[in-house]
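Peer 1: Predicted model follows, preceded by the sequence.
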Amino acid sequence: MNEMGRASRRKQDRKKRHAASGRYGELRAQKKANRAEAYGRSVGSDMASFEEAAARSRDSLVAALISRHNQRMGRIGRGVSPDVIGRARIMLCQLFALDTGLLLLGADQDRHPVFNGGKWSGELGWGVDSGVASIRLLLCGQLGGAAQIARSQFERWSMNLEHNLQARKRSDESAGSYFDRIWMGHTGSRLFLAADNPRRATRFKELTSARRFVSPGDVYNSTSEFLHGRGTLAEAATWYDASHLLEPLGVDRLAITVSNQVLDLVELCIQRLFDCVATFFEQKGEPERAIAFADSWKVIVPAGSRPVSNFALWPLLPHPALHPEYVHALKAAYDLVNAIQRGEELTGHKYNNEGLAELYFMKTRYRSVRLANHAFEKESELLDKGLDFTEIQARDYRQIITSEVLGLISLWHPRAEVRAAAAAACSGLRSAFWLWLEDDDRAMGVLRNVLMLVARLRVHAQSQEKADKLEARPSTTPRDWLEKAGWRRLQVFNLALGELAHTRAGSRWSGARDLLVALQPEDTDPELAPQMGRGYALDTVVRLAAKVSLQVLGELSPELNMGVADVMSATAIFHPDMEELFERWLNRTWDNKDFNLGDPDMKTRNELGEIAWD
């Protein structure tokens, strides 16, 4: 009794000390979270385990769902094949070389990582930064987001080739055949590497980082099929990210195949960027440097295969990615790489390719972190209040719960097509949210794929006969899935997202952004509306996905469906009262069916006379 009394007194003393420090509430919340996480990890991944958690309590079900997210985040960077990491690291060294060359040509080392306008050096810098962005999502296991960025960049630098070769797609030519023709037939730059140079006539067939030969058109088409949740590679997202939470269970052939296809597109763009930078040096009257630069992509030096630091991969949320400790580490890498690129002597420091790959990656992430902090401060000034991350945290929570339910559907559903669509939607929501945090328009491109996948799931839930017909037809489009899902009024929304999903000469990105702003509720503050259009689009698709996931889950487990519906209702993700709001949004969307997206954004000329972003 005396011993228990002393223990109680010690406990009371600790409480008093914590209360005096002002951290008592914080420490209690942490202990509660730790208990919830411990329980969540004890829940198996089978349906019966989640039904048991739902029967236990709402908090238990939430803990099980959040734990899946936490387990995935804990494996970020480590659940990827070492071979894929090794190839990605080689490309990071190539991107470092490109970035260094661009700095010599006057590029801004502090350029916005997702800005695609300005001078030609800035346009090339956007290509470099996009390569890093695609690799980052790939190393996080988010194949859909990585593929979306890589495909968009491939389209951008295909336009550059088209301009240099004065090529045009024939009416009887498929997109894949056309890409093969311009990427594999003649690949020299218009000024420095002549199109009729036989020494380089088939250069783009070979990708030296993996010592493989590819058809650019086939890689583009296969990647597009994967983004739409179709084809033989569709279930790769399931193992890699959505269902098995990046757990390193072994080598997964499909995941490695898709990863290498994404890296194929990135490497094709890298090779084209080397040609563009070489031509730029030629224009500046530096032919020797141009010659050396044009061939430097061939030099492949292994850069290791260990995962990069996980804090450099995390989404740009206030906690933990923007914690001062991690920001300081990224800042140190940023300063060090800048010194290396300036050619400064670093006493006592020598860096091989393995060290440079990670340092350069961390440098690019610091630029994004700094811009994120600046954006938060600007928003605080705009709203005339202190920094408040409540809404961002709430948006993150809604995305996590919804995507984890989709991930479970991708584990449990008996039909392969539904599993593939749910897995791709689960991973896509995550990528869209992460890119939205970076103020990256390509978040909307990923969101367009999610919208189509959610419509596909809805058709499967409503009519298996209609779903089977659409699945069997190779020509089925996102528009078809929306029509059969009963969402014809969403074609306008689909149009806006679709514009932002591609990089083409006729892309009307500015008009698409304006349309997303117009689709917000009528009572939106007009001064804030331009900054809120993409966020509202993200919220809307998350809630659509939540609504449809409940439909699909109801087929699998009515008991679990009730539990998840209770969680979504209690946390304002989705509840029946939202049906009226959803109907008003559908009508508002349809009312904008004649919205004028305006002229294409690519209508000015860069230093090479090529059409570029206005």
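Peer 2: Structure's in. What do you need?
Peer 1: So, low pLDDT: which residues of the stretch 201-350 of the chain?
Peer 2: 201-205, 237-240, 249-251, 347-350 (pLDDT under 70).
Peer 1: how does it look with 90?
Peer 2: Judged by pLDDT under 90, the stretch 201-350 of the chain has its weakly predicted residues at 201-213, 225-256, 283-284, 287-289, 291-302, 318-319, 342-350.
Peer 1: Could you pull out the buried residues of whatever helix or strand Gln30 lives in?
Peer 2: Assignment of secondary structure by DSSP states H and E places Gln30 within helix 24-42. Neighbour-count burial for helix 24-42 flags 36, 39-40 (criterion: 16 or more other CB atoms under 10 Å). In short, each C-beta sits where N, CA and C put it, glycine included.
Peer 1: so for that helix, what's the average pLDDT?
Peer 2: Helix 24-42 shows a mean pLDDT of 82.
Peer 1: right, and the helix or strand after it?
Peer 2: That would be, after helix 24-42 and using DSSP H and E, helix 47-56.
Peer 1: ok and that next one relative to helix 24-42, angle-wise?
Peer 2: Helix 47-56 and helix 24-42 meet at an angle of 140 degrees, taking axes from the mean of the first three to the mean of the last three CA atoms, to 10 degrees as the criterion.
Peer 1: Counting by contacts, list what helix 47-56 packs against.
Peer 2: Here helix 47-56 touches helix 58-74, helix 390-412, helix 558-570, going by 3 or more CB pairs under 8 Å, 6 or more residues apart in numbering; DSSP states H and E.
Peer 1: just to revisit the earlier point, nearest to Arg156 among the buried residues of helix 24-42?
Peer 2: Arg156 lies nearest to Gly40 out of the buried residues of helix 24-42, by CB to CB, at 42.2 Å.
Peer 1: contacting residues around that closest one?
Peer 2: The contact partners of Gly40, by CB atoms under 8 Å, 6 or more residues apart in numbering, come to 63-68, 70.
Peer 1: Please tabulate those residues in CSV, including the columns neighbour count.
Peer 2: Converted to CSV, these look like this (neighbours: other CB atoms under 10 Å):
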residue, neighbour count
Ala63, 23
Ala64, 25
Leu65, 23
Ile66, 18
Ser67, 21
Arg68, 23
Asn70, 17
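Peer 1: ok, back up a step: what is the distance between the helix holding Gln30 and the centre of its chain?
Peer 2: Relative to its chain's centre, helix 24-42 lies at 30 Å (CA atoms, centre = their mean, to the nearest Å).
Peer 1: returning to what we had before: go through the helices and strands packed on helix 47-56 and name the closest to Thr223.
Peer 2: Here helix 390-412 is closest among the helices and strands packed on helix 47-56 (CB to CB), at 19.9 Å.
Peer 1: Buried ones in that closest one, by neighbour count?
Peer 2: 392, 395-412.
Peer 1: how about the helices in the stretch 101-250 of the chain?
Peer 2: 120-139, 143-165, 175-180, 216-227, 236-237 (DSSP state H, counting those that start in this stretch).
Peer 1: Of these, flag the one that's most buried.
Peer 2: Highest mean neighbour count among the helices of the stretch 101-250 of the chain (mean count of other CB atoms under 10 Å): helix 236-237, with a mean of 30.
Peer 1: Might you report the residue contacts of Ala146?
Peer 2: With contacts defined as CB under 8 Å, 6+ apart, the neighbours of Ala146 are 134-138, 262, 431.
Peer 1: change it to 10 Å
Peer 2: Neighbouring residues of Ala146 by CB atoms under 10 Å, 6 or more residues apart in numbering: 88, 133-140, 223, 258-259, 262-263, 265-266, 427, 431, 446.
Peer 1: any idea of the pLDDT on it?
Peer 2: Listed pLDDT for Ala146 reads 96.
Peer 1: Put together TSV for the contacts of Gly40, with pLDDT and distance to Ser57 on each row.
Peer 2: Output for the contacts of Gly40, formatted as TSV (pLDDT from 0 to 100; distance: CB to CB, whole Å):
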residue	pLDDT	distance to Ser57
Ala63	97	9
Ala64	97	11
Leu65	97	13
Ile66	97	14
Ser67	97	15
Arg68	96	17
Asn70	96	19
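Peer 1: would you list those in a markdown table and tack on distance to Met362?
Peer 2: As requested, these are exported to a markdown table (distance: CB to CB, whole Å):
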| residue | distance to Met362 |
| --- | --- |
| Ala63 | 33 |
| Ala64 | 34 |
| Leu65 | 31 |
| Ile66 | 28 |
| Ser67 | 29 |
| Arg68 | 28 |
| Asn70 | 24 |
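Peer 1: out of the residues you listed, who's nearest Asp108?
Peer 2: Sorting those by distance to Asp108 puts Asn70 at the head of the list, at 37.8 Å, by CB to CB.
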